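Chemist: Below is the structure, and that's it, no one-letter string:
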């Protein structure tokens, strides 16, 4: 019998190099010293707004697919977080001189939107375990980076806690380990192969790094 704890251990070990690249990304380093121009900062809410619109629908579809399982609350919580995210993105953009109409007109890059596109694919075709494992490893790195981004905006760009609420919420997310282990074990027992779970987590983290690469490109960081 394959145990979820072993699968999650192997996933984290395999993703350590990508995890380090995300958490130490040059975009965060530059922002942490105030070297990202204001106009380049607008790429973040510009992309996040379009990603949110996609992720909201993806999360709703996951509730439709898995909401009646014993752990369905995991997916409903994700949906509720997506519902609440719009206000924070708009507040962050407003501080950068962008209205919601500006966000709607913003043209995201393919690299910056790739994460949301893959998450939409997972919501349609992925197992509950693939989604839950991918979200678990991704939100840990995303939350870390949101905390770093929030701190940099407050230290060097005059942002307030009200302005950075969208980021701060992700920076203090509780551990998902307990429920994710339940979801992964359930799908392992249903016949989902560990390699499928690893693949989903690997790809979602690769697309996460691609997002930060897109932010660095917007800031013209070599």
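Modeler: Cool, got the structure. Since we're looking at a predicted model, the values are computed, not measured. Numbers count the residues shown, from 1 in each chain.
Chemist: Can you tell me the element residue 104 falls in?
Modeler: helix 100-105 (DSSP states H and E).
Chemist: so what secondary structure elements neighbour that helix?
Modeler: Contacts defined by 3 or more CB pairs under 8 Å, 6 or more residues apart in numbering; DSSP states H and E place helix 100-105 against helix 43-66, helix 72-95. To be clear about C-beta, it is placed using only N, CA and C from the backbone, and glycine gets the same treatment.
Chemist: The last one - what's its average pLDDT?
Modeler: In this case it means helix 72-95. The average pLDDT within helix 72-95 is 96.
Chemist: Run the angle between that helix and helix 43-66 for me.
Modeler: In terms of direction (axes from the mean of the first three to the mean of the last three CA atoms, to 10 degrees), helix 72-95 departs from helix 43-66 by 160 degrees.
Chemist: List the buried residues of helix 72-95.
Modeler: Judged by neighbour count using 16 or more other CB atoms under 10 Å, the buried positions of helix 72-95 are 72, 74-76, 78-79, 81-82, 85-86, 88-93, 95.
Chemist: what does stretch 58-68 give?
Modeler: Residues of stretch 58-68 classed as buried: 58-63, 65-66 (neighbour count, 16+ other CB under 10 Å).
Chemist: which of the residues you listed lies closest to residue 205?
Modeler: residue 58 (17.1 Å; CB to CB).
Chemist: Next one: the closest residue in space to the closest one that isn't next to it in sequence, what pLDDT does it get?
Modeler: Spatial nearest neighbour of residue 58, excluding adjacent residues (CB to CB, 6 or more residues apart in numbering): residue 123 at 3.8 Å. We have a pLDDT of 98 for residue 123.
Chemist: ok and the helix or strand harbouring residue 123 relative to helix 72-95, angle-wise?
Modeler: Element membership for residue 123 (DSSP H and E) is helix 110-125. Put simply, helix 110-125 runs at 160 degrees to helix 72-95, going by the same axes, to 10 degrees.
Chemist: What's the first helix or strand after helix 110-125?
Modeler: Downstream of helix 110-125 (by DSSP H and E), the next one is helix 128-156.
Chemist: helices and strands around that next one, which ones?
Modeler: Here helix 128-156 touches helix 4-23, helix 26-31, helix 43-66, helix 72-95, helix 110-125, helix 165-171, helix 177-189, helix 194-218, going by 3+ CB pairs under 8 Å, 6+ apart.
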